[in-house]
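> Below: sequence and its predicted model.
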Amino acid sequence: MKIKFNTQTILKSKITWAIVAEMLILLVCLIIRPEFFQISYQPSTGMLYGSIIDILNRSSEITIIALGMTLVIALAGTDLSVGALVALSGAMALKLMRWDMGQYPTAGDYTVTPMIWVILAAIGICLLFGSFNGLMVSRFGMQPIIATLVLMVAGRGVAQIITNGRQMTTDFTPFKFISQGSVLFLPMPIIITAVIFILMAVFTRKTAFGMFVESVGINRNASRVSGLNSSMIIFVAYAIIGVLAGISGLIYASRIGQNDSNNAGINYEMDAILAVVIGGTSMSGGKFSLTGTVIGSIIIRTIITFVYYFGVAAEATMAFKALIVLVVIILQSEPVRRFMSKRKHARKLEVGGEMHG
């Protein structure tokens, strides 16, 4: 059985150019610092270490949120509240674990509330607020940017109310395992991200839900007329991103060992949207790619790691990241992809003509 590759289709794919952009960034890293790719094993922790592992590990929070953002953007929407939900998740988790902070201010290896309830409550409150966003957009017809902007502003305030404006810390080992543990020699956040990606891929590609999302994203009215419950599909998408933001918040809080309602999830919404766009999903809705989203998230984290690794001033990080992202998006633009595809086709014709002659 022969597998045929359509070169023009590959060159027109946005995912192809996202991969090319990531490879170019890594190539620069290889040329300047070959040790950038070194991976070592630490017997004391049972984990692999290195810049590549760190990129996958530290991109996990954004990747998890971006997988949910992919569905929302495929529906021609957006969610600006995910950063606030990250803070809200961490605040709820630490509040339940440290009810006794007033009496015992020093952190210890314990939790007041059983761990299972801590996790369920943190994810549950984010599901509740994600569902609220979905209700505002699907049932009340609010513009997604307005509906989610409300929670973006209010979410951190709710997080502050939950913790009474205090930063609570914990050294509870099972909670710290969420971000600092390892499975199969890999940091736990990578494993969590991989599991969520598989579940999302199965849910969107092995059921009809993914096709419904693309249909509603292309034309909501036509989908409704054809019998799809467009409002329910939109509602579910926002509920899903709420859950994923809650999981991301648990990883973030576990990583720093405390809640941080002011700084947790800052700019996560922007990075998640960028990851989705770089991965090839159009902001106008329609077809989406979870694989492309993962690649986009890795590109963003690679840029940040690249900047830090090579000693670029922290103040210049955002500008440097914006410049590279701009280059990636230009590479993915329709005119550039069409030009490259035509050049490839012209070369084929030229070679074919010479051979025929």
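Received, thanks.

> What is the burial count for residue 171?
Per other CB atoms under 10 Å, the neighbour tally for residue 171 reads 12. No exception for glycine: its C-beta is placed from N, CA and C like everyone else's.

> Roughly how far does it sit from residue 82?
Distance, residue 171 to residue 82, by CB to CB, to the nearest Å: 28 Å.

> And for residue 175?
22 Å.

> Of those two, which one has the most company?
residue 82 (37 against 22).

> all strands of the stretch 1-150 of the chain, in order?
Along the stretch 1-150 of the chain, counting by DSSP state E, counting those that start in this stretch, strands occupy 39-42, 47-50.

> deepest of those strands, which one?
strand 47-50 (a mean of 17; mean count of other CB atoms under 10 Å).

> Remind me what that one packs against, helices and strands.
Using 3 or more CB pairs under 8 Å, 6 or more residues apart in numbering; DSSP states H and E, the elements in contact with strand 47-50 are strand 39-42, strand 186-187.

> Show me where the stretch 51-200 of the chain has its helices.
Residue ranges of the helices in the stretch 51-200 of the chain, as given by DSSP state H, counting those that start in this stretch, are 51-58, 60-74, 82-97, 115-138, 144-162, 173-180, 188-205.

> will you turn these into JSON lines that also has distance to residue 263 and mean pLDDT?
Converted to JSON lines, the helices of the stretch 51-200 of the chain look like this (distance: least, CB to CB, whole Å; pLDDT from 0 to 100):
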{"stretch": "helix 51-58", "distance to residue 263": "16", "mean pLDDT": "91"}
{"stretch": "helix 60-74", "distance to residue 263": "13", "mean pLDDT": "96"}
{"stretch": "helix 82-97", "distance to residue 263": "8", "mean pLDDT": "95"}
{"stretch": "helix 115-138", "distance to residue 263": "17", "mean pLDDT": "96"}
{"stretch": "helix 144-162", "distance to residue 263": "10", "mean pLDDT": "92"}
{"stretch": "helix 173-180", "distance to residue 263": "16", "mean pLDDT": "93"}
{"stretch": "helix 188-205", "distance to residue 263": "19", "mean pLDDT": "96"}
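
> Work out for me the element residue 234 sits within.
Element membership of residue 234, judged by DSSP states H and E, is helix 230-256.

> Give the other helices and strands that that helix contacts.
helix 60-74, helix 82-97, helix 115-138, helix 173-180, helix 188-205, helix 209-218, helix 220-225.

> Now do that helix and helix 60-74, the angle between them.
Orientation note: helix 230-256 sits at an angle of 170 degrees relative to helix 60-74 (axes from the mean of the first three to the mean of the last three CA atoms, to 10 degrees).
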